[in-house]
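> Give the three-dimensional model of this entry:
(one chain, ligands or ions: 1)
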Amino acid sequence: MTFLRILSAFSLLLFLTHLFPNCILKFIKKQNLKSKYNCKWALVTGGSSGIGGDIATELAKQGINIVIVSKEHDKLVEYQKSLVSQYNIECRIICVDLCKSKESCEIIFNQCKDINLNLLVCNAGYLTMEGFHQSDISEKLAMFECTVSTTIRLVDHFYKLMIANKMKGGIVIISSSASVCPSPFSVMYGSSRSFLSGFAQSLSIESKIHGIDVLAVQPGLVHTNLFNAVPKHLIFKFLNLMGSQKPSDVTNVVFKSLGRFSIMDSGLFALISSLSKSLLGINLMIVIISFICRNLPDFSNYRKIKI
Ligand SMILES: NC(=O)c1ccc[n+]([C@@H]2O[C@H](COP(=O)([O-])OP(=O)(O)OC[C@H]3O[C@@H](n4cnc5c(N)ncnc54)[C@H](OP(=O)(O)O)[C@@H]3O)[C@@H](O)[C@H]2O)c1
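Numbering: from 1, shown residues only. Now for the predicted structure:
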């Protein structure tokens with residue numbers, strides 16, 4: 001009996017510590033990041049659409065000048081025009097392929113030489129689905145470059161500049177619920193996201209000494225173009241039922257959480273994934289996900305030698 005009481009108290013505690021940040025976010029207002037960090041310039045990677053686009057718009061609404069980095073030139077130009085005309089801010093665009101992380105980051109650093117930037121949003125990313133044996137090594141490393149290497153390079157550069165210039169600042173990393181939940185058939189995506197969350201949680205502690213806040217947001221399913229490039233699997237419909245979000249839901253979490261929390265889930269699926277990892281443990285989660293993968297027709301293609 002006592003054992004059961006202790007177990008339920010422990011489960012309740014785990015549940016509350018996970019739910020607490022998400023519950024209090026409902027009752028607090030979005031922060032004004034311009035005044036919080038005395039911010040004149042922010043940089044958003046993947047800021048031409050989806051979650052990054054929505055975050056860039058919200059920053060522009062607060063009167064912050066923006067550097068937007070993404071791959072498609074026409075989309076960037078169109079977005080730049082709309083931000084400048086609506087919010088009367090300065091907006092620079094940098095069109096690069098972040099899968100070529102080293103050269104693209106050199107271009108970014110060069111184009112930002114003359115501005116003091118103290119808000120960085122590392123958001124660019126894409127999703128692929130295949131069996132691990134079905135893609136070649138260059139495709140795997142391209143995903144790693146776009147998310148992991150680019151984030152390390154950008155944070156290394158701008159974090160050091162913020163410290164050297166004695167500026168308060170914020171670094172936001174858009175990770176994913178895939179960081180806590182095994183992602184078969186998207187191994188590079190899931191494991192890169194685990195890196196991003198781990199990177200943010202460690203850096204957020206030492207960065208406080210310098211007045212720099214670091215936050216990783218782990219969204220569940222969000223309606224964006226991310227899924228255009230992958231098959232319309234049943235699993236996505238199921239995840240949709242568990243609560244899909246709009247990009248603005250993730251933006252709300254960013255603007256409410258930066259400087260208050262270091263890791264935040266966004267959406268019901270993300271919350272359930274984090275809770276399951278704590279309550280069930282990773283090995284039981286792997287058994288459950290293996291069962292789903294074996295029994296959903298979605299994944300049969302990924303077992304073939306070629307797609
Ligand atoms: N949607 C979701 O359910 C979900 C859930 C969890 C996490 N996320 C993460 O949230 C982030 C934003 O995704 P989203 O859902 O908003 O999708 P999205 O609408 O497809 O936006 C992705 C952005 O990243 C840019 N991008 C992609 N590959 C790039 C590259 N190689 N070089 C430069 N820019 C590149 C895209 O630019 P172009 O359009 O110019 O290619 C676009 O601006 C991603 O990191 C994604 O993994 C999304």
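> give me the residue from the stretch 101-250 of the chain nearest the ligand.
Residue of the stretch 101-250 of the chain nearest the ligand, by Cβ to the nearest ligand atom: residue 125 (2.3 Å). C-beta: built from backbone N, CA, C; applies to glycine.
> list the contacts for that residue?
Residue 125 is in contact with 46, 146-147, 174, 189, 226, counting by Cβ atoms under 8 Å, 6 or more residues apart in numbering.
> In strands only, show me those residues.
Residues of the contacts of residue 125 located in strands (DSSP state E): residue 174.
> Kindly reformat the contacts of residue 125 as TSV containing pLDDT and distance to the ligand.
Below are these laid out as TSV (pLDDT from 0 to 100; distance: Cβ to the nearest ligand atom, whole Å):
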residue	pLDDT	distance to the ligand
46	97	3
146	98	5
147	97	7
174	98	4
189	98	7
226	93	4
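> Turn the contacts of residue 125 into a markdown table, including neighbour count and distance to residue 133.
What follows is the contacts of residue 125, written out as a markdown table (neighbours: other Cβ atoms under 10 Å; distance: Cβ to Cβ, whole Å):
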| residue | neighbour count | distance to residue 133 |
| --- | --- | --- |
| 46 | 27 | 29 |
| 146 | 24 | 21 |
| 147 | 30 | 22 |
| 174 | 29 | 29 |
| 189 | 20 | 16 |
| 226 | 17 | 24 |
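> How about the residues of the stretch 1-150 of the chain by the ligand?
Applying Cβ under 6 Å from any ligand atom, we find that the stretch 1-150 of the chain lies next to the ligand at 46, 48-52, 70-72, 75, 97-99, 123-126, 146.
> Take these and, keeping just the buried ones, write it as a ChimeraX select command.
Buried members of those, defined by 16 or more other Cβ atoms under 10 Å, are picked up in ChimeraX with:
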select :46,48,49,50,51,52,70,71,75,98,99,123,124,125,126,146
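> ok, back up a step: which two from the contacts of residue 125 end up farthest apart in space?
Pairwise distances across the contacts of residue 125 peak at 14.3 Å for 46 and 189 (criterion: Cβ to Cβ).
> so where's this structure uncertain?
For the chain, the stretches flagged by pLDDT under 70 are 1, 14-15, 306-307.
> So in it, which helix runs the longest?
Secondary structure of the chain per DSSP state H: the longest helix is helix 2-27.
> Run through the helices of the stretch 101-250 of the chain in chain order.
101-111, 137-144, 150-164, 187-207, 234-241, 247-257 (DSSP state H, counting those that start in this stretch).
> Deepest in the core, which of those is it.
Comparing these by mean neighbour count (mean count of other Cβ atoms under 10 Å), helix 247-257 ranks first with a mean of 21.
> Show the subsequent helix or strand relative to that one.
Tracing the chain past helix 247-257, the next element assigned as helix or strand by DSSP states H and E is strand 263-266.
> is any part of that following strand close to the ligand?
No. If you take Cβ under 6 Å from any ligand atom as the test, strand 263-266 misses the ligand, and the best it gets is 8.0 Å.
> For that strand, which helices and strands make contact with it?
Here strand 263-266 touches helix 2-27, helix 187-207, strand 212-219, helix 247-257, helix 268-279, going by 3 or more Cβ pairs under 8 Å, 6 or more residues apart in numbering; DSSP states H and E.
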